[in-house]
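Student: Sharing a model that was predicted from the sequence below.
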Amino acid sequence: TQQIGEAIQSVTHAKGVQVDMRGTHLCVAMRGVKQSQSFMHTHYQNGEAIPPSTQQAASEPTCFLHCTSQWMPLFIGCTEREQKQPTPIQLSLSLHMPVDYGTRKDDLSTTVDYDALMMGLKHACLNQRFQLIEFAGQTIYQWIHQYLAHHYQDMPIKITLQKCLSHEWLQDSQFVIGDF
């Protein structure tokens with residue numbers, strides 16, 4: 001993503017560039033958690049027009065990595081039925097990564113191994129029982145921060161939990177928590 005952004009900026013001499021790439025992450029889909037509907041979103045931005053919430057010096061690029069899981073079972077809810085069977089939850093994770101993570105060398109050791117992160121999260125959280133999506137989101141948010149600090153370096157994150165509801169008037173609920 002960074003290489004594409006830098007090439008565009010080099011050729012066009014634009015004052016700013018932003019590149020968003022989305023696709024299926026084959027490592028996650030074919031090994032580890034085997035989430036066939038996992039999608040990756042990478043983001044590169046450099047120069048002018050950086051949103052105020054992520055403003056850096058104009059010469060410093062900004063990198064984001066976005067991952068969305070397929071629907072996964074989580075025991076969450078207050079009703080008797082919700083506590084007896086898991087509820088489908090979709091987790092979206094955004095990492096505000098240092099620009100050199102995975103952009104200087106095409107090697108897994110230079111970036112966050114999101115397959116390992118998701119497998120660890122699965123083992124840490126998916127067998128817990130929660131009543132509130134807010135508490136589940138806070139628990140997952142804290143676990144991801146601890147994982148990153150232990151295995152890589154702590155970095156700003158944002159997560160979204162989406163819960164399917166079997167409600168007459170509501171389709172789903174979402175909880176969002178993050179550092180940016």
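Tutor: All right, it came through fine.
Student: can you pull the contacts of the nearest residue to residue 164 once chain neighbours are set aside?
Tutor: Setting aside the residues directly before and after it, residue 164 is nearest to residue 88 in space (C-beta to C-beta, 6 or more residues apart in numbering), at 4.7 Å. Every residue, glycine included, has its C-beta placed from N, CA and C. By C-beta atoms under 8 Å, 6 or more residues apart in numbering, the residues touching residue 88 are 71-74, 163-164.
Student: What residues of the longest strand belonging to the chain count as buried?
Tutor: In terms of residue count, the longest strand belonging to the chain (DSSP state E) is strand 87-97. Neighbour counts over strand 87-97 (16 or more other C-beta atoms under 10 Å) mark 87, 89-97 as buried.
Student: Quick check: what element follows that strand along the chain?
Tutor: Downstream of strand 87-97, the first helix or strand assigned by DSSP states H and E is helix 114-125.
Student: average pLDDT for that next one?
Tutor: For helix 114-125, the mean per-residue pLDDT is 86.
Student: Tell me the helices and strands packed up against that helix.
Tutor: Contacts defined by 3 or more C-beta pairs under 8 Å, 6 or more residues apart in numbering; DSSP states H and E place helix 114-125 against helix 26-30, strand 62-68, helix 133-151.
Student: So which of these has the densest surroundings on average?
Tutor: The highest average neighbour count among those, using mean count of other C-beta atoms under 10 Å, belongs to strand 62-68 at a mean of 20.
Student: centre of the chain versus the helix or strand following it, how much separation?
Tutor: Per DSSP H and E, the first helix or strand lying C-terminal to strand 62-68 is strand 72-76. Offset of strand 72-76 from its chain centre (C-alpha atoms, centre = their mean, to the nearest Å): 18 Å.
Student: mean confidence score for strand 72-76?
Tutor: The model assigns strand 72-76 a mean pLDDT of 87.
Student: For it, which helices and strands make contact with it?
Tutor: helix 80-84, strand 87-97, strand 129-130, helix 133-151.
Student: quick one: buried residues of it?
Tutor: Buried residues in strand 72-76 (16+ other C-beta under 10 Å): 72, 74-76.
Student: Return the set of residues that bridge with the residue most central in space within the chain.
Tutor: Per C-alpha atoms, centre = their mean, the C-alpha nearest to the average position across the chain is that of residue 93, at 1.8 Å. Legend: beta-bridge partners of residue 93 under DSSP bridges are residue 67, residue 159.
Student: Kindly report the same for residue 42.
Tutor: residue 21, residue 65.
Student: how much space between residue 82 and residue 169?
Tutor: 17 Å (C-beta to C-beta, to the nearest Å).
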